[in-house]
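Chemist: Turn this into a model:
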Amino acid sequence: MKLKSSELKEFLDEKYELYNKPKFIESDPISVPHQFSKKEDIEIAALFVATLAWGQRPTIIRNGQRLMELMDNAPFEYIKNSTAKDWKAFSDFAHRTFNGTDAIYFIKSLQHIYTQKGGLEGAFVISAPPKSSPLGEDFKNVDMKNGLIQFRELFLGAFPAGRTAKHIADVNRNSSGKRLNMFLRWMVRNDTRGVDFGIWKNISPALLYCPIDLHSGRVARKLGLLERSQDDWKAVDELTKNLRKLDPKDPIKYDFALYGLGVFEKF
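Modeler: Just a heads-up that it's a prediction; the model follows:
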């Protein structure tokens, strides 16, 4: 299905309007962090559930809820105050290849990030954007690929990571970073529609990368937005560059359109 640029934008804008509504929340993993109102609770819940986000959505949501229950439905307080004695409750947790050992590592690393690094948002923010940034002087951050690399180094750097390293995407090795890109969409975008949170103010939506999964990748290829056959970082970069042509300031809003077309319309 090949459309002219103006037709493609009109089509995707229509689908974005259709799917970016509060009713989208109930059946999506984003419903888990939507239980909270405090910034830190939201971002911690979002990171955990985004990390679980492969497989069937009801299972992702159910296991995300279980993690919140194990943290007494107060994730930030739990991260700040829990000790190794408390973490034994996670020993039986499992979601596909993410298990209790991984959950405990996340808790320890998040403790370190909040106490030593100023919080989760700062772990993604690159503090010195180059003057030659191709996205212009009004943007607050450099290429978010650098932010993803920095976050991985900080998150895995405080303690020996072992098996948990595989759960934090390494975009330097051509990983698509799907779950982290989705997490960043939730945290950064703020279009007042009530789905994405927009609680992080130090990263511009213009710098985000579009998450790619089986559904959105298939739709993007059908629409001529993506030629690369593998769902890797090169594909993420290609797709995002094409989406920026349609909306330079908020290209990742089209994630709603691609995902909705793929999942709900079987496009």
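Chemist: Low-confidence bits of the stretch 151-267 of the chain, can you list those?
Modeler: Screening the stretch 151-267 of the chain residue by residue with the criterion pLDDT under 70, one finds no matching range.
Chemist: ranges for the strands of it?
Modeler: Listed in chain order, the stretch 151-267 of the chain contains no strands at all (DSSP state E, counting those that start in this stretch).
Chemist: For the helix or strand where residue 10 lies, which residues meet the burial criterion?
Modeler: When secondary structure is defined by DSSP states H and E, residue 10 falls within helix 5-19. Neighbour counts using 16 or more other C-beta atoms under 10 Å place 8, 9, 12, 15, 16, 19 of helix 5-19 among the buried residues. Heads up, the C-betas are built off the backbone N, CA and C, glycines and all.
Chemist: Can you lay out the residues you listed as TSV showing distance to residue 259 and pLDDT?
Modeler: What follows is the buried residues of helix 5-19, written out as TSV (distance: C-beta to C-beta, whole Å; pLDDT from 0 to 100):
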residue	distance to residue 259	pLDDT
8	17	95
9	17	96
12	12	97
15	9	97
16	10	97
19	7	96
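Chemist: Closest one to residue 195 out of those residues, please.
Modeler: Comparing these against residue 195 with C-beta to C-beta picks out residue 19 as the nearest, at 8.8 Å.
Chemist: What is the burial count for the closest residue to residue 235 other than its chain neighbours?
Modeler: Residue nearest to residue 235 in three dimensions, not counting chain neighbours: residue 228, with 4.2 Å by C-beta to C-beta, 6 or more residues apart in numbering. A count of nearby residues for residue 228, using other C-beta atoms under 10 Å, gives 17.
Chemist: what does residue 164 give?
Modeler: Summarising burial for residue 164: neighbours were counted as other C-beta under 10 Å, giving 22.
Chemist: residues in contact with it?
Modeler: 101, 102, 105, 106, 156 (C-beta atoms under 8 Å, 6 or more residues apart in numbering).
Chemist: How about residue 90?
Modeler: The contact partners of residue 90, taken as C-beta under 8 Å, 6+ apart, are 70, 100, 103, 104, 107.
Chemist: Just name the closest of these to residue 179, please.
Modeler: Closest approach between these and residue 179, by C-beta to C-beta: residue 103, at 15.1 Å.
Chemist: So the closest one is in contact with residue 95, correct?
Modeler: No - with contact taken as C-beta atoms under 8 Å, residue 103 and residue 95 are classed as non-touching, separated by 9.2 Å.
Chemist: Which one of the two is surrounded by more residues?
Modeler: Each of residue 103 and residue 95 had its neighbours counted (other C-beta under 10 Å), and the higher figure belongs to residue 103 (25 against 22).
Chemist: any idea how far residue 237 lies from residue 228?
Modeler: 9 Å (C-beta to C-beta, to the nearest Å).
Chemist: Could you tell me how many residues sit around residue 249?
Modeler: A count of nearby residues for residue 249, using other C-beta under 10 Å, gives 12.
Chemist: show me the contacts for it.
Modeler: By C-beta under 8 Å, 6+ apart, the contact set of residue 249 is 205, 206.
Chemist: now swap in the one 10 residues further on and tell me
Modeler: Contacts here follow C-beta under 8 Å, 6+ apart; on that basis residue 259 touches 19, 213, 215, 216.
Chemist: if you skip the residues just before and after it, what's nearest to the third one?
Modeler: Which is residue 215. Spatial nearest neighbour of residue 215, chain neighbours left out: residue 262 (2.9 Å); criterion: C-beta to C-beta, 6+ apart.
Chemist: contacting residues for the one you found?
Modeler: Residues near residue 262 by C-beta under 8 Å, 6+ apart: 214, 215, 216, 218, 219.
Chemist: Residue 50: which of the residues you listed is nearest?
Modeler: Lowest distance from residue 50 to the contacts of residue 262 (C-beta to C-beta) belongs to residue 216, with 15.2 Å.
Chemist: Spit out the contact partners of the closest one.
Modeler: Remark: with contacts taken as C-beta under 8 Å, 6+ apart, residue 216 is in contact with 210, 255, 258, 259, 262.
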